[in-house]
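J.: Predicted structure and sequence below. I'll ask about it afterward.
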There are 2 protein chains.
Amino acid sequence: MAGGDENATTPDHPEPSGVTVGDLGERALISLFTSAATTATSGDIVVGSGDDAAVFDAGGPTVISTDTAVQNRHFRFEWSTPRQIGERAVIQSATDIAAMGARTVGVVVSIACPVSTPAATLTEINDGILAATHRLGGRVLGGDLVAADEVVLTVTSVGALDGLTPVALTGAQVGDVLAVSGPLGSAAAGLAVLLAADGCDEDGERSAERSHRLRAQHAEVVDSHRLPNPDLSAGVVAARAGAHAMTDVSDGLVEELKTLAAASNVALAVDVSRVPRTEATRRAAAELGESDDIWALTGGEDHQLLAAFAAADVPLGWVVIGDVRERTGDRAPVSLDGIATSDLRGWQSFGHQ
Amino acid sequence: MAGGDENATTPDHPEPSGVTVGDLGERALISLFTSAATTATSGDIVVGSGDDAAVFDAGGPTVISTDTAVQNRHFRFEWSTPRQIGERAVIQSATDIAAMGARTVGVVVSIACPVSTPAATLTEINDGILAATHRLGGRVLGGDLVAADEVVLTVTSVGALDGLTPVALTGAQVGDVLAVSGPLGSAAAGLAVLLAADGCDEDGERSAERSHRLRAQHAEVVDSHRLPNPDLSAGVVAARAGAHAMTDVSDGLVEELKTLAAASNVALAVDVSRVPRTEATRRAAAELGESDDIWALTGGEDHQLLAAFAAADVPLGWVVIGDVRERTGDRAPVSLDGIATSDLRGWQSFGHQ
């Protein structure tokens, strides 16, 4: 909105605790977020945060994607710190840039929140946005801050291809291998632990102990849920290696396989046991009596990448999980352990967990 | 969010009336919005809507800005059609691109809305987004669609400078003239008419007649509120003419003058009678007993531009309203009709109504 074009840029916390967004007002908060340090021209940034719009130079074709996270739907203040929420919003958006084979140059951020939101909460969200963006080598280019009934974060990321050809969804070729950039199911495992721990809390004091124990013993997956930490440079690595097709695994592997199969008009065969997952994910599954296969196949938000490569081109760090086959007639284009299936319900009903 | 990266691209309305967003689901709606026509590569667009991210080429430095509109705060479904709401969200964001002297190449759009939202409403918002973007010569590059408690629209616009130097806020020079790209106060007049008409409705049947008469007789300003229609090419024209500084008048002229004065470290003097407004705005003020001076000086959302030029460089279509002077000591940097003032309250108290 009007006046909100100079958002989100300094990690200072000068406001006294208890002060709300409404107390300070939009303009005061925006100038709090706008620091000389980050408005300085540097690298890809021609005009930084603080003017009507920012100007950057990707030195060629520019990749762009936008991603929105809504309070109590995509994040909970009870489960994550404001800083983690800000970081995760950036990672979520930047993953789409990586999935094209590009590096993130910058982000613009819109924050809608109730006027009763503590100013400190907003400052911490902003700190997280800055930290995650800087870790990716990008800059916060600007933003908007508006009043709303709930917190809604929209991060738009822009990226540079540095001469590489963008890796689309449509290029998977028969004979390619399928690979992922890292372990899957960790965030889903963490969510399951948090839900189980919350259930314990409700059952009284002794269960509260179990709740604490669950969170502590499974801190690794809980942290993965709160703040996935994929190595997004894997996208550039894959593009350099000549990946034929790529996407990010944000909706769960099976969903992304279906999307990739449809876009490239091929069939995809995955060996479930080869889908990488961490030891911590297996331990959480064992303790909760759940299936880490299901988490690895359907859990979203690990923000790893899925790509199709010629067999000889799979880069270091990528794990082969299957291959690309010819699509024949009405045969379901995605198969798991050789069982053709058009949706996970079907796959589940075929005897897997 | 995950899976929402293929938003907003076809004007078809195939869904039966009464169907909600929740009935159709995010994926179905997104594919409804993604048409072959607009995913085709053309012009600046390298990879269109439908992949993880879009790729465009601004042929040099890229301008970017993001802008959020929230239901019942920035728009009302009672006052505007869904199509107008979509169009206005694009204009609002693209105005920031124009204020740098750039042309809009494309937009990405995030729509958060309750699952109970009629699918037809969303389709109409999308139609408006498409129409406004295409009128500007841009393309809808992608988007996101998520569930939320209220409708929140975030439009991020990107623009190309085509070799021009971006026009920052900081360049106004002593001796420059100040000019605006078109009439101000129309949207504020329209809002005042709508509020007055709503007040009539509440007072019973006879007043309902007056309500209808007000809206009908002042349709021009009401339309300006619902859908401002600034000529955003005025920004490129100003940059070509060598404008020294520019911004958009989205928060009201006085606020923008203060911002410009601070950024350029100058004093600004405006002759209130020279600030252009339409005859329709004057008529609405006369009927409602309000001040069109106030509307023209403080009303936002006309989305005209304000710029500082060397006196000989003011382009056709721009209207001179004042000049740029040296800032002296603690003198308030903005003066209206020669009366120094640091805020409008001060100015009002100096006898202008």
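T.: Structure's in. What do you need?

J.: Please state the offset of stretch A:113-121 from the chain centre?
T.: On the basis of Cα atoms, centre = their mean, to the nearest Å, stretch A:113-121 sits 24 Å off its chain's mean C-alpha point.

J.: How far does it stretch from one end to the other?
T.: End-to-end distance of stretch A:113-121 (Cα to Cα, to the nearest Å): 10 Å.

J.: and the gap between the residue in the stretch 201-350 of chain A that chain B sits nearest to and residue A:129?
T.: Going by Cβ to the nearest Cβ, chain B is nearest to residue A:250 of the stretch 201-350 of chain A, at 3.5 Å. Using the backbone N, CA and C atoms, a C-beta is placed for each residue, glycine as well. Distance, residue A:250 to residue A:129, by Cβ to Cβ, to the nearest Å: 19 Å.

J.: pull the longest strand from chain A.
T.: If you go by DSSP state E, chain A has its longest strand at strand A:103-113.

J.: Look at residue A:250 and residue A:129 and report which has more neighbours.
T.: Remark: of residue A:250 and residue A:129, residue A:129 carries more neighbours, 28 against 25, as counted by other Cβ atoms under 10 Å in any protein chain shown.

J.: returning to what we had before: please name every helix or strand in contact with the longest strand of chain A.
T.: If you count contacts as 3 or more Cβ pairs under 8 Å, 6 or more residues apart in numbering or on different chains; DSSP states H and E, strand A:103-113 packs onto strand A:54-56, helix A:82-98, helix A:119-135, strand A:139-147, strand A:152-160, strand B:62-70, strand B:152-160.

J.: show me what contacts residue A:19?
T.: Residues near residue A:19 by Cβ atoms under 8 Å, 6 or more residues apart in numbering or on different chains: A:118, A:119, A:120.

J.: If you could redo that for residue A:159, that was the one I meant.
T.: A:58, A:62-64, A:94, A:97-98, A:100, A:102-105, B:53.

J.: Need those residues in CSV (columns: neighbour count, pLDDT and distance to residue B:211).
T.: Shown next, in CSV, are those (neighbours: other Cβ atoms under 10 Å in any protein chain shown; pLDDT from 0 to 100; distance: Cβ to Cβ, whole Å):
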residue, neighbour count, pLDDT, distance to residue B:211
A:58, 25, 90, 52
A:62, 29, 95, 49
A:63, 30, 96, 50
A:64, 28, 96, 44
A:94, 31, 97, 50
A:97, 30, 97, 50
A:98, 35, 97, 54
A:100, 30, 97, 52
A:102, 31, 97, 54
A:103, 23, 96, 56
A:104, 28, 96, 52
A:105, 27, 94, 51
B:53, 30, 91, 48
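
J.: out of those, which one sits closest to residue B:152?
T.: Of all these, residue B:152 sits closest to residue A:64, with 19.5 Å by Cβ to Cβ.

J.: List the beta-bridge partners for the closest one.
T.: residue A:158, residue B:54 (DSSP bridges).

J.: about what we covered before: paired strands for the longest strand of chain A, with orientation please.
T.: strand A:139-147 (parallel), strand A:152-160 (antiparallel).

J.: from the middle of its chain, how far away would that strand be?
T.: With Cα atoms, centre = their mean, you get 13 Å for strand A:103-113.

J.: buried stuff in it?
T.: A:103, A:104, A:105, A:106, A:107, A:108, A:109, A:110, A:111, A:112, A:113 (16 or more other Cβ atoms under 10 Å in any protein chain shown).

J.: Now do the contacts for the fifth one.
T.: Contacts for residue A:107 were tallied using Cβ under 8 Å, 6+ apart; they are A:90, A:93-94, A:129, A:133, A:138-141, A:155-158.

J.: go with 6 Å
T.: A:90, A:133, A:140, A:155, A:157 (Cβ atoms under 6 Å, 6 or more residues apart in numbering or on different chains).

J.: Then residue A:278?
T.: If you count contacts by Cβ under 6 Å, 6+ apart, residue A:278 has them with A:183, A:186.

J.: pLDDT value on it, please?
T.: Looking at residue A:278, its pLDDT is 97.

J.: Repeat that for residue A:192.
T.: 95.
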